[in-house]
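Undergrad: fold the stuff below for me.
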Amino acid sequence: MSAVTSPPGGAPSPAGTPRGTAPAAATTAVFVRIKLALLRNGLRQSTGRKAAYIASMVVTALFAALQLLGLIALRGHPQAAVVVVPAIALVALGWAVMPLFFASGDETLDPTRLVMLPLRPGAVVGSLLVSSLIGIGPAFTLVLAVGSVVALGHGAAGLSAGIVAVPLVLLVCVALSRAVAAANIRLLTSRRGRDLALLSGLFIAVGAQLLNLGVQKLSEPGGLRFLEPAADVLRLLPPASALDAVRAAGDGAYAAAAAQLALNGAALVLLLWWWRASLTRLMTAPDGSTLQAAAGPDRKPGGESSRLAALLPADRTGTVALRTLRYAWREPKSKAAWVTALAIGLLLPVVYAVQGNGSPYWACFAAGMLGLQMYNQFGQDTSAFWLVAQTISSPRDAYLELRGRAVALAFVALPYVTLVTLGFVAVLDRWDAFAESLGLSFGLLGAFLATGTLASVLYPYSIPQDSGFKNVAPGQTGQAWIGIVGGMLASAVLAAPLLAVTVWMHVADAHDWLWLLLPAGAAYGWAAAETALRVGAPRMASRLPEILTAVSRA
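TA: A predicted model of the protein is given here:
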């Protein structure tokens, strides 16, 4: 880092450069070397990381080549802009959101590492912008931008606009990513930021499903018409408007093309200004973690918890339920599991409905996804389970502990399943199936609560807290699979009588009595869960040492 400090011996700085800082060119060269060194040293850490990086390079190169060939094939197609403009907008969206989920994957995204160096924000912005052009993402964006120019450009005017548009698209995407990362770096390096990173898989899964639906729609005859409204809006927004300027210039609309390129230039300047302002604030303002919190209005201690506790039983069951809900909100992996269950439980029925395979019974999927959260109840406690074990001296205490955890899950699951079922039958316009669908959902939820209770007692396993996305401790994978897969199969068997009654009522043409499945399903689910609690409580009381040992493994 000697290139960014003052010259030795008090030698004068270059003309126009403040003493104690380096010229911009030298700073940029140092940042480029740092970026290359980070990439090189990262590959040296392990063979697995090197293999993953090489594999990602190969996959990205193949995908970029396919995209380039597809864009070249679009050349001359009357609806080429309808495809290209939303595609570039989607790439820009990826540049904007990726730092929010994977900030820890690139050390250069954290500008707070540069606070102690004698650098000015302007030099940091320019140097980081240049070094950010090194990597797989910028290379893929560059290939896509060049292919888009080939697809849309016609004549000398279109080619000239493309020469300007390609670097504008690349710089706007990179500057957008850096500005978002700098503006949110305090959040991303905090506990909430780590929570957000754990949820990245969920957002990727949801995005993949939405993309799958979009591809299916576009594959239909005349499917490109669905993109026309979006393309009409996106061609007015950077950086997609830069590529639409290529089309406009080729069609002879020189004024419109110039305006679109100027708009992208203004967007780049605005992003750089935002980025610089965020850097200035980060490099000059003290870290809030080192200061006392500003005095605010007096708050009643535990106000939010008190309101939640008022909705729960005023006994040990309510206390355990409140503690479980707090874990679900504060512990990153528990939060990720809950949010994933809530999202996928709603997403898959919607996907099937959009694909034309909708059925009111798909609402039961939401009950199953939430019911899975009952499995391995003690794994989230890890070694702290000994505090819980100290409070259990009889099967009655174990029963109240298990019941509190089941109540916490039901506290969220019952209204959620009701809302999902209500919304689903409304979308399908199958109000006649609401009662039976909700009754089946309640019965299935009770079955999962029952099997999850027994699996938690008989097959507990540890959830590593510092192992990224790993949710099972080494050596306990088989135990986890037995508990989860066996419990799911047992839940299906346990819910089979209720399903058999439903089928019989349809076959017997007893449609006027299908509404009875709602109270019957609720009663059946409650009875299954209550029976499992009473069966599992004595076993839990006698297996406390074994459970503690199982959930304490690192």
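
Undergrad: same for the longest helix belonging to the chain, what does it pack against?
TA: Longest helix in the chain by number of residues (criterion: DSSP state H): helix 395-428. If contacts are counted by 3 or more Cβ pairs under 8 Å, 6 or more residues apart in numbering; DSSP states H and E, helix 395-428 sits against helix 316-330, helix 332-354, helix 364-371, helix 434-458, helix 517-542. Backbone N, C-alpha and C define where each C-beta goes, glycine included.

Undergrad: report the angle between the helix or strand just after the last one and helix 517-542.
TA: Just to be clear, that refers to helix 517-542. On the C-terminal side of helix 517-542, the nearest following helix or strand under DSSP states H and E is helix 544-551. Angle, helix 544-551 to helix 517-542, by axes from the mean of the first three to the mean of the last three Cα atoms, to 10 degrees: 100 degrees.

Undergrad: pull helix 544-551 out as PDB, backbone CA atoms only.
TA: Taking Å, rounded to 0.1, in the frame of the first residue of the first chain, the C-alpha atoms of helix 544-551 are listed here in PDB:
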ATOM      1  CA  LEU A 544     -33.000 -35.200  28.300                       C
ATOM      2  CA  PRO A 545     -29.200 -36.200  28.500                       C
ATOM      3  CA  GLU A 546     -29.400 -37.900  25.100                       C
ATOM      4  CA  ILE A 547     -31.200 -34.800  23.600                       C
ATOM      5  CA  LEU A 548     -28.600 -32.400  25.100                       C
ATOM      6  CA  THR A 549     -25.700 -34.500  23.700                       C
ATOM      7  CA  ALA A 550     -27.300 -34.700  20.200                       C
ATOM      8  CA  VAL A 551     -28.000 -31.000  19.900                       C
END
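
Undergrad: got the buried residues for the helix or strand harbouring residue 263?
TA: Using DSSP H and E, residue 263 sits within helix 254-284. Across helix 254-284, burial judged by 16 or more other Cβ atoms under 10 Å covers 256-257, 260-261, 263-265, 267-268, 271-272, 274-276, 278-280, 282-283.

Undergrad: go on, stretch 62-74?
TA: Neighbour-count burial for stretch 62-74 flags 64, 67, 68, 71, 74 (criterion: 16+ other Cβ under 10 Å).

Undergrad: same check on stretch 413-423?
TA: Buried-residue list, stretch 413-423, by 16+ other Cβ under 10 Å: 413, 414, 416, 417, 418, 420, 421.

Undergrad: let's test this: mean pLDDT of it, rounded?
TA: What stretch 413-423 shows for mean pLDDT is 88.

Undergrad: same deal with stretch 451-468?
TA: Mean predicted lDDT for stretch 451-468 stands at 81.

Undergrad: where does the stretch 51-200 of the chain have low pLDDT?
TA: 100-113, 115-116, 186-200 (pLDDT under 70).

Undergrad: distance from the strand or helix carrying residue 54 to the middle of the chain?
TA: Using DSSP H and E, residue 54 sits in helix 47-73. Offset of helix 47-73 from its chain centre (Cα atoms, centre = their mean, to the nearest Å): 23 Å.

Undergrad: need the next SSE after it, C-terminal direction.
TA: By DSSP H and E, the next helix or strand past helix 47-73 is helix 80-102.

Undergrad: now the helix or strand following that next one against helix 254-284, angle please.
TA: Per DSSP H and E, the first helix or strand lying C-terminal to helix 80-102 is helix 121-131. Put simply, helix 121-131 runs at 120 degrees to helix 254-284, going by the same axes, to 10 degrees.

Undergrad: buried stuff in helix 121-131?
TA: Using 16+ other Cβ under 10 Å as the test for burial, helix 121-131 gives 121, 123, 124, 125, 126, 127, 128, 129, 130, 131.

Undergrad: ok, the spatially closest residue to residue 280 that is not a sequence neighbour - contacts?
TA: Nearest residue to residue 280, sequence neighbours excluded (Cβ to Cβ, 6 or more residues apart in numbering): residue 121, at 4.8 Å. Shown in contact with residue 121 (Cβ atoms under 8 Å, 6 or more residues apart in numbering): 276, 279, 280, 283.

Undergrad: okay, these in TSV with distance to residue 307 next?
TA: Conversion of the contacts of residue 121 to TSV gives the following (distance: Cβ to Cβ, whole Å):
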residue	distance to residue 307
276	43
279	41
280	41
283	41
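
Undergrad: rank these by pLDDT and give me only the lowest.
TA: Lowest pLDDT of these: residue 283, 71.

Undergrad: okay, residue 283 and residue 510: tell me how far apart.
TA: 73 Å (Cβ to Cβ, to the nearest Å).
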